[in-house]
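>>> no FASTA, just this:
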């Protein structure tokens, strides 16, 4: 695996940019301070200025893609499809979280328990897929 941009990079960048543009579409409807983190009980415990809330997760998405690409370069997976599914799956999970958080701030009834369960199911599915493709969870 080389570090030259490829289709996964382009797709990840597109997902991050669409997340940013979609978030900006709600700009006028969002409060000036946006809740971005919630307690186990579902109550917001971290609020940030609207501008930070709109751009933070897309920036994290791009950073995550860079870290995953570097990891795949230095320790390539046995099956390249694992990287594709991991990278794009992570981008889509983060995009979904961004819109669920923004939806909560727009007054929609979003169950943070359901968000947590969805993220755990995603993680289990990703590990199961990786195991299925490679036959191992951790290479020795």
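Cool, got the structure. This is a predicted model, so every value here is computed, not measured. Numbers count the residues shown, from 1 in each chain.

>>> element containing the residue most central in space within the chain, please.
For the chain, the residue nearest the mean C-alpha position is residue 94 (1.9 Å; C-alpha atoms, centre = their mean). Assigned by DSSP states H and E, residue 94 belongs to helix 80-105.

>>> what about that helix, distance to the chain center?
3 Å (C-alpha atoms, centre = their mean, to the nearest Å).

>>> Need the contact partners of the next helix or strand after it.
Next helix or strand after helix 80-105 toward the C-terminus (DSSP H and E): helix 112-134. Residues from elsewhere that reach helix 112-134 (C-beta atoms under 8 Å, 6 or more residues apart in numbering): 38, 42, 77-79, 81-82, 85-86, 89, 93, 96-97, 100, 104, 137. Every residue, glycine included, has its C-beta placed from N, CA and C.

>>> same deal with stretch 45-53?
Counting by C-beta under 8 Å, 6+ apart, 23, 27, 30-39, 56, 101-102, 105 sit against stretch 45-53.
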